[in-house]
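# show me the folded form of this:
(one chain, ligands or ions: 1)
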Amino acid sequence: MIVEVHAGSPIRIPGACSRCPALVANRRRIVPGYGSSEARVLLVGEAPGYKGGDLTGVPFTRDRSGVRLQQVLIALALSEETDPRVERPRLHCFVTNIVRCNPPSNRTPSRTEMDNCLPYLWQELELLRPRIVVPVGGVAAQAIFPRLLGRPSPPITQAHAQVFHRDGVVIVPMRHPARSSNHELDRFVAVMRLLLPAVG
Ligand code: URA
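Below is the predicted model:
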């Protein structure tokens with residue numbers, strides 16, 4: 001079985017992935033990346049939430065962190081919606097996770113689980129070739145930095161809303177919306193507003 005994201009995206013992941021036994025036993029569904037196949041901006045979270053993507057099938061929807069992230073996307077005109085609670089938002093970006101299944105008790109995915117799932121993220125990066133990558137939260141930043149920047153991520157509290165460059169890709173980490181203050185989210189939005197006109 002093949003899972004396809006909306007808007008005619010060419011990105012596919014197997015609908016029956018069984019690489020992580022604990023996640024297979026816990027998940028309600030696999031939550032593939034979601035958004036526009038024309039996206040210039042790729043946001044990468046940790047794993048679908050028990051009260052969010054694991055129920056809706058769409059990353060960063062329904063739960064508190066999802067609604068806060070959708071508010072940011074609306075503020076940046078990366079979403080067509082006005083209501084951040086919409087569960088299949090019309091996006092001008094692409095939103096995905098390091099791990100595509102909800103871990104038991106919403107725990108942090110293990111290193112093995114991340115390594116099992118990261119090939120799907122590298123596939124998404126290869127197909128989309130985004131100009132801006134936003135690791136959402138420290139776990140995503142730690143997983144992405146070595147591959148894209150050749151070095152470990154600073155702590156997310158320091159990296160939040162900082163701009164990193166390599167090989168034409170801009171990386172702008174964001175503190176996880178469940179843990180960031182309104183002020184921190186505003187700062188992220190302000191930095192992204194400066195960057196977005198340059199990437200079309
Ligand atoms: N929802 C997601 O899809 N990812 C997260 O990291 C948190 C909530």
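
# rest of the way, CA atoms for contacts and neighbours
Fine.

# distance check, the residue sitting nearest the centre point of the chain against residue 100.
Geometric centre of the chain, nearest residue: residue 44, 2.2 Å, by Cα atoms, centre = their mean. In this view, residue 44 and residue 100 are 11 Å apart by Cα to Cα, to the nearest Å.

# tell me which parts of this protein are close to the ligand?
Residues of the chain lying close to the ligand (Cα under 6 Å from any ligand atom) are 45-49, 53, 59-60, 65-66, 97.

# neighbour-wise, which one of these leads?
residue 48 (32 neighbours; other Cα atoms under 10 Å).

# which SS state does the residue nearest to that residue when sequence neighbours are not counted fall under?
Of all residues not flanking residue 48 in the chain, residue 102 sits nearest, at 5.1 Å (Cα to Cα, 6 or more residues apart in numbering). At residue 102 the chain is in coil, as set by DSSP: H, G, I helix; E, B strand; the rest coil.

# could you verify that residue 58 is part of a strand?
No: counting by three-state DSSP, residue 58 is not found in a strand; it is coil.

# I'd guessed it sits against residue 89; true?
No: between residue 58 and residue 89 there is no contact under Cα atoms under 8 Å: 9.1 Å.

# more neighbours, those two?
Applying other Cα under 10 Å to residue 58 and residue 89 shows that residue 58 carries more neighbours, namely 24 against 19.

# rewinding a little: how about the residues of the chain next to the ligand, which pair is most distant?
Greatest spatial distance among those (Cα to Cα): 65 and 97, at 13.2 Å.

# show me where the chain has strands.
Residue ranges of the strands in the chain, as given by DSSP state E, are 2-4, 12-14, 34-35, 41-45, 94-97, 132-135, 164-166, 169-171.

# tell me which of the ones you listed lies nearest to residue 187.
Closest among the strands of the chain, once you apply Cα to Cα, is strand 132-135, at 14.0 Å.
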